[in-house]
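In: Quick one, fold the following:
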Amino acid sequence: MSDPMRSYLDFEKPVAELDSKLDELRTLAAAGTDIGEEISRIEVKAAQSLAELYANLTPWQKTLVARHPQRPHFSDFIRGLITDFTPLAGDRKFGEDEALVGGFGRFRGESVCVMGQEKGDSTESRIKHNFGMARPEGYRKAVRLMEMAERFGIPVLTLADSAGAYPGIGAEERGQAEAIARSTDACLSLGVPNVAIITGEGMSGGAIAITTANRVLMLEHAIYSVISPEAASSILWRDGTKAQEAANSMKITAQDMLRFGVIDVILKEPVGGAHRDPAAMIATTGEAVAHAFKELAGLDADAIRKQRRAKFLEIGRKLS
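Out: Residues are numbered from 1 along each chain as shown. Next up is the predicted model:
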């Protein structure tokens with residue numbers, strides 16, 4: 001059945017029209033009209049149209065999918081993968097930042113430190129979490145959590161989904177760049193395994209600050225870049241309306257990142273994107289995370305640091 005609350009992206013118009021037709025036919029069928037064969041025919045056509053559409057997405061279309069409001073968020077992954085999750089608040093320097101959520105829990109029975117950006121799924125929660133754009137205290141909280149994880153020998157799992165760190169005056173006054181740099185350094189210095197996942201938008205230092213990991217995984221239609229297409233458009237052309245052109249030139253897709261050696265694995269999304277079947281996407285992510293941690297099991301602190309260092313020094317060399 002089609003979801004009446006589903007929101008369609010502009011390029012999904014052909015699929016939206018077929019889904020709308022299916023809803024009409026199903027209403028007639030519920031009233032007693034014998035049109036089962038017609039419904040089956042259009043269901044097949046809609047599925048084929050969706051599969052063909054998502055098999056050939058442009059970078060800009062992938063950007064729109066990565067930003068889809070119904071895409072699974074940090075809280076969804078926590079509910080689906082982590083048990084006994086206990087969030088911790090505050091950076092012990094200034095205050096709490098709701099945009100970056102973190103704490104400790106259990107992943108398949110083993111202790112794990114988990115953190116990531118939460119965008120929110122309603123007007124109220126989006127405001128509460130500042131649309132996933134963390135301030136300096138968020139990244140200082142991340143450092144605090146990573147230091148605790150290392151002290152107790154607990155692996156770290158991070159999930160990035162943010163348009164970037166918050167660019168407000170207050171954030172800059174409190175040392176946004178320094179906080180991001182220290183969080184990145186904390187990731188690189190960890191003596192315990194860390195696995196990072198880019199689930200939607202992985203934009204700017206706001207994402208890099210928590211994804212400098214032994215294993216970096218990326219959802220098939222997620223994006224990862226040092227700058228958003230809109231910001232790149234404004235800088236290059238002094239025109240923010242050329243974001244689509246910028247996205248198509250920036251090499252921001254999961255496929256680009258794998259080719260450059262920036263990420264290790266692409267996690268295949270359900271046909272039509274993760275937002276069409278969040279439960280399946282979360283299950284796929286869980287299997288990939290378990291495999292990544294298994295690969296790192298048994299390594300001592302020095303070996304973990306050495307592997308991570310080699311990984312990031314190797315970025316870009318594959319194409320040289």
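
In: what's G90 sitting at in phi/psi?
Out: Geometry field for G90 lists phi and psi as phi 90, psi 150, criterion degrees, to the nearest 10.

In: Tell me which residue is most central in this protein.
Out: When the chain is reduced to its mean C-alpha position, the closest residue under Cα atoms, centre = their mean turns out to be T199, at 1.8 Å.

In: Look at that one and report its pLDDT.
Out: Taken from the predicted model, the pLDDT recorded for T199 is 98.

In: same question, I35
Out: The predicted local confidence for I35 comes out at a pLDDT of 77.

In: Contact partners for it?
Out: Neighbour list for I35: L25, L28, A29 [criterion: Cβ atoms under 8 Å, 6 or more residues apart in numbering]. (C-beta placed from N, C-alpha, C; glycine too.)

In: Out of those, which end up buried?
Out: With neighbours counted by 16 or more other Cβ atoms under 10 Å, these contain buried members at L25.

In: got the contacts of I35 as CSV, with secondary structure columns?
Out: Rendered in CSV, the data for these read as follows (DSSP: H, G, I helix; E, B strand; the rest coil):
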residue, secondary structure
L25, helix
L28, helix
A29, helix
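
In: Buried residues, the helix or strand hosting F85. List them.
Out: When secondary structure is defined by DSSP states H and E, F85 falls within strand 82-87. By 16+ other Cβ under 10 Å, the buried positions in strand 82-87 come out as I82, F85.

In: repeat for stretch 6-22
Out: Using 16+ other Cβ under 10 Å as the test for burial, stretch 6-22 gives L9, E12, V15, A16, L18, D19, K21, L22.

In: Reformat these as a markdown table; add secondary structure, distance to I282 and pLDDT.
Out: As requested, the buried residues of stretch 6-22 are exported to a markdown table (DSSP: H, G, I helix; E, B strand; the rest coil; distance: Cβ to Cβ, whole Å; pLDDT from 0 to 100):
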| residue | secondary structure | distance to I282 | pLDDT |
| --- | --- | --- | --- |
| L9 | coil | 21 | 91 |
| E12 | helix | 22 | 90 |
| V15 | helix | 23 | 88 |
| A16 | helix | 25 | 86 |
| L18 | helix | 27 | 85 |
| D19 | helix | 23 | 82 |
| K21 | helix | 30 | 84 |
| L22 | helix | 26 | 81 |
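
In: right, and out of those residues, which lies closest to A213?
Out: Nearest to A213 among those is L9, at 30.0 Å by Cβ to Cβ.

In: Quick check: the closest one touching A66?
Out: No: at 10.9 Å, L9 and A66 do not qualify as touching, with contact defined as Cβ atoms under 8 Å.

In: does F104 have beta-bridge partners, and which?
Out: In this entry, F104 is beta-bridged to T86, C113, by DSSP bridges.

In: and A165, what does it touch?
Out: Per Cβ under 8 Å, 6+ apart, neighbours of A165: M133, A134, R135, Y139, A171, Q176, I180, S204, G205, G206, A209.

In: I'd assumed the fourth one was in a strand, is it?
Out: No: counting by three-state DSSP, Y139 falls outside a strand, being helix.

In: Contact partners for it?
Out: Contact criterion Cβ under 8 Å, 6+ apart gives L100, A165, A179, I180, R182, S183, A209, I210 as the residues in contact with Y139.

In: do you know how far the last one is from I42?
Out: I210 is 44 Å from I42, where distance means Cβ to Cβ, to the nearest Å.
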